[in-house]
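Peer 1: Let me see the structure of the following:
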Amino acid sequence: MPDLEALKAEAALRAVALVRPGDRVGLGTGSTARHASEENGRRERAGEHAGVVGVATSEASAALAREHGVTVEDLDTRPLDLAIDGADEIAPNLDLVKGLGGALTREKLVELRARRFVVIADHTKLVTRLGEKAPVPIELLRFGLDTTLERLRDLGATGELRARGGEPFVTDNGNVILDARFGGGRAIDEALARELKLTPGVVETGLFLGMAERAFVAAPEGVRELVRTPRP
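Peer 2: Now for the predicted structure:
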């Protein structure tokens, strides 16, 4: 069996090589993004990334970056030069499902501000269509939760509210997450993303469509660089 953590670390090295001194960099959340933060910190300490500032997508990623000596600032109106993050599913056109780490809302806010958004992952995250392996995380307000869930069921969503240690999982924003599946041949696409975002009570979805510029995907035979083909 290949060592998936080693593969993730290899992909992270390729992505972090794109960072230049003085860049403002979006710092992703999760096990894959952790490798990128560690490499950013190593290069900072070695003097290779002088002046690099991180903008974190979660409290956990902010703490990790500071632990490795990376300066962290809040997200503001200034653009980011680059954002590096993992993904839970990667479609052939580099549309993504993200959010199994629970930070989808902050990830989207950060990555929308980036001039370049680069994904790092191992080969198990590649799919032929979104929803093939992972559910679609949907962050929901706790107020009026049952009514929101009813609206989502009307859109074809099934699934469970995420729990951890027997308790409801709560995001850094104080919200909960529905890990949704869509059956009946419902396409997981831009139309669905719009319907979900227009549903009262929905804060954000884990559908990151048309955002990633490229992905570094590590497999036992090496790291593949995938580049998004613009839609016609």
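Peer 1: Isn't residue 41 up against residue 66?
Peer 2: No. Using CB atoms under 8 Å, residue 41 is not in contact with residue 66; the gap is 9.2 Å. All C-beta atoms are positioned from the backbone trio N, CA, C, and that covers glycine.
Peer 1: ok, those two, which is more surrounded?
Peer 2: residue 41 (21 against 15; other CB atoms under 10 Å).
Peer 1: which SSE is the more buried one in?
Peer 2: Counting by DSSP states H and E, the element that carries residue 41 is helix 31-45.
Peer 1: Check the offset of that helix from the chain's centre.
Peer 2: The chain centroid and the centroid of helix 31-45 are separated by 16 Å under CA atoms, centre = their mean, to the nearest Å.
Peer 1: before we move on, what about stretch 6-24?
Peer 2: The chain centre lies 16 Å from the centre of stretch 6-24; the measure is CA atoms, centre = their mean.
Peer 1: Would you mind pulling the contact partners of it?
Peer 2: 25, 31-33, 35-36, 38-40, 43, 48-55, 73, 78-82, 84, 86, 116, 118-123, 216-220, 223, 225 (CB atoms under 8 Å, 6 or more residues apart in numbering).
Peer 1: Mind checking which of those residues land in helices?
Peer 2: The members of the contacts of stretch 6-24 that map onto helices under DSSP state H are 31-33, 35-36, 38-40, 43.
Peer 1: Which neighbouring elements make contact with the helix or strand bottoming out on mean pLDDT in the chain?
Peer 2: Least confident helix or strand of the chain, by mean pLDDT, DSSP states H and E, is helix 31-45 with a mean of 86. Secondary-structure packing of helix 31-45 (3 or more CB pairs under 8 Å, 6 or more residues apart in numbering; DSSP states H and E): helix 4-16, strand 24-27, helix 59-67, strand 82-85, strand 117-122.
Peer 1: give me that answer again for 6 Å
Peer 2: Applying 3 or more CB pairs under 6 Å, 6 or more residues apart in numbering; DSSP states H and E, we find helix 31-45 packed against helix 4-16.
Peer 1: just the angle between the helix it packs on and strand 117-122, please?
Peer 2: Put simply, helix 4-16 runs at 160 degrees to strand 117-122, going by axes from the mean of the first three to the mean of the last three CA atoms, to 10 degrees.
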